[in-house]
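Student: Could you work out the structure for the sequence below:
(one chain, ligands or ions: 1)
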Amino acid sequence: MHKKAKKLKVLFASSEVYPFAKSGGLADVAYALPKALSKKFEINVILPLYASIDIDKYYIKPVRPSFSVEMGGKSYDILLHKCRHEGIIYIFVQSERISEKEYFYGPPDQGYADNAVRFALFCRAIIEVLKEDSSYTILHCNDWQTALAPLLVKEDLSLHIKTVFTIHNLAYQGIFDRDTLDEIGLSPGYFHSEALEYYGAINLMKAGIVYADSITTVSSEYAKEIQTQVFGCGLEGLLVYHRTKLHGILNGIDTEFFDPQSDPLISHHYTPSDLDGKKSDKKAFLKYSGLKGAQKPLFVFIGRFTEQKGISLLIEILEQTASLEINIAILGEGEIRYRTQLEQIVSLNSHIHLFFGYDEETSHRLYAAGDFLLMPSFFEPCGLTQMIAMRYGTVPIVHNVGGLKQTVHSYKIFDPGAKHGFGITYSEQKPEVLLDALLKAVKLYKTPFLETLNLHNMRCDFSWTKSVEAYTALYHNLEQL
Ligand code: ADP
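Tutor: Down below sits the predicted model:
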């Protein structure tokens, strides 16, 4: 009899993971991807233990005595905790600098001044975990908060781990002043342009790009875009240089969690063959929010209030939508200036409702109630929101970039046999073009074709299946190196 092949062991590191800590799509990915990969790999997930994580709810327990990490002439105590959640083992890194602050990264509009130290400690704790358990083969890091770990793996000659670094958003790079290099315990030798130096400062994202064995990003469109000046955020040259190890692997969504047939957060369930429940969800939502007119199309926006998400463009056109016989519901949090502008507009326009804050339940109710999702992002590495919307039969209106370009094609070239979704797409990021897309939606709403689009989109496969195949091949290739 054949002995069953031992599964490769992977440590997946992320600064946020749903349901413990989430501020955006990274948390969804760090929850769903390891779960999907766990059928083929033994995979543990490591994340910081923030003050807001509910230790009792998830039975998170310390696993061994604390240890100290020496960094930049200082000693920091670290305590590791563990829990098992839905079959996955999660390792939490507790340290005063990480865990005794209110926010993950800093208050709205700001990052904590010592974020380099906080996340360097997280990376050094990752190294400790790898050293303690020699059965790990792959370390998979995500975004700048974990980018130092591939460098530390290379520095430690006792480790023979292969590293993957995934870029979820190149706009956030972890840039700190030059002195930080010493504070995070790195030699001045890293202060050159082919390592961490970046216009006289240090850039932690560069550590991931330069030292990881493989780089991935979350759509093949974004993989191409970040090698150009428009989307490369100053790192395009470095990414072109390292392009042979750069791969685009499209994110998926957890199709069990986001399922209008069974979602416990929505009041009425529905299927691709019967959308009655969706109509009831819309009515229930309108009643709840005070918006009037179930016969009018409902546009929803769900996302962070940052420049990236195109909220400024949306704000520019909101007042002009008063004459359109539509309703708009906006859910998000982020920069105060956008909140203030939105609150002002909403106070004068009864067809717009604003939910300020982060609220999973409201987001699900909006996906279910909406007729159209507004996603006017300036750039979008992958975007989960449009895929979730399509799963709930809400037609996305998107700027034709990055992952949006890959997942949403124009309804004008509808093909019932296509594997991707369809929506309203536009290419010029201008207020009048976005308004024109809204007008197209209003017209589309009056036709039976809207239901055809919805049914097609709801049946599309946005699951992790294809990405898991791609990551599996990548991990196995790295193992062979
Ligand atoms: P990003 O990661 O850039 O924020 P994505 O589209 O990849 O954007 O993922 C956003 C995720 O966060 C989706 O699951 C979306 O539903 C969720 N989300 C965004 N803002 C909020 C909010 N204010 N309340 C609840 N969920 C939100």
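
Student: okay, CA-based contacts and neighbour counts for the rest of this
Tutor: Fine.

Student: Could you pull up the contacting residues of the closest residue to residue 208 other than its chain neighbours?
Tutor: In space, and not counting its chain neighbours, residue 208 is closest to residue 147: 4.2 Å by Cα to Cα, 6 or more residues apart in numbering. Residue 147 makes contact with 123, 141, 165, 204, 205, 206, 207, 208, 209, according to Cα atoms under 8 Å, 6 or more residues apart in numbering.

Student: Around the closest residue to the fourth one other than its chain neighbours, how many other residues sit close by?
Tutor: Nearest in space to residue 204, with sequence neighbours left out and distances taken as Cα to Cα, 6+ apart, is residue 174 at 5.2 Å. Residue neighbour count, defined by other Cα atoms under 10 Å, stands at 19 for residue 174.

Student: What of residue 149?
Tutor: 30.

Student: any idea how far it lies from residue 46?
Tutor: Distance of residue 149 to residue 46, given as Cα to Cα, to the nearest Å: 12 Å.

Student: what residues do the two have in common as contacts?
Tutor: Common neighbours of residue 149 and residue 46 (Cα under 8 Å, 6+ apart) are residue 126.

Student: ok, back up a step: mind putting the contacts of residue 147 into CSV with neighbour count and secondary structure?
Tutor: CSV is the format used below for the contacts of residue 147 (neighbours: other Cα atoms under 10 Å; DSSP: H, G, I helix; E, B strand; the rest coil):
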residue, neighbour count, secondary structure
123, 27, helix
141, 27, strand
165, 29, strand
204, 28, helix
205, 25, helix
206, 26, helix
207, 24, helix
208, 30, helix
209, 31, helix
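
Student: Go through the residues you listed and name the one nearest residue 260.
Tutor: residue 141 (31.7 Å; Cα to Cα).

Student: Just say helix, strand or coil for residue 78.
Tutor: Classification of residue 78 using DSSP: H, G, I helix; E, B strand; the rest coil returns strand.

Student: can you count the residues close to it?
Tutor: Applying other Cα under 10 Å, we find 21 residues neighbouring residue 78.

Student: Verify the contact between it and residue 93 for me.
Tutor: Yes. If you go by Cα atoms under 8 Å, residue 78 and residue 93 touch, sitting 6.9 Å apart.

Student: From residue 134, how far out is residue 340?
Tutor: 52 Å.

Student: Same check on residue 51?
Tutor: 30 Å.

Student: Between those two, which has more neighbouring residues?
Tutor: residue 51 (17 against 13).

Student: now stretch 357-368: mean pLDDT?
Tutor: Mean pLDDT, stretch 357-368: 96.

Student: what sits up against it?
Tutor: Contacts for stretch 357-368 (Cα under 8 Å, 6+ apart): 23, 260, 265-267, 278, 281-282, 285, 300, 302, 329, 331-333, 373, 388-389, 392-394.

Student: Up against the ligand, what does this structure have?
Tutor: With Cα under 6 Å from any ligand atom as the criterion, the chain comes near the ligand at residues 24-26, 302-304, 331-333, 357-360, 363, 383-385.

Student: same thing but at 8 Å, please
Tutor: For the chain, the contact set with the ligand under Cα under 8 Å from any ligand atom comprises 22-28, 168-169, 302-304, 309, 331-333, 355-364, 380-386, 388.

Student: Buried only: go through the residues you listed for me.
Tutor: If you count burial by 16 or more other Cα atoms under 10 Å, the buried members of those come out as 22-28, 168-169, 302-304, 309, 331-333, 355, 358, 362-364, 380-386, 388.

Student: Surely residue 11 is in contact with residue 46?
Tutor: Yes. Assessed by Cα under 8 Å, residue 11 is found in contact with residue 46 at 7.0 Å.

Student: ok, now which ones touch the residue nearest to residue 346 when sequence neighbours are not counted?
Tutor: Excluding its sequence neighbours, the residue lying closest to residue 346 (Cα to Cα, 6+ apart) is residue 352, at 5.7 Å. For residue 352, the contact set (Cα under 8 Å, 6+ apart) comprises 291, 327, 328, 329, 330, 346.
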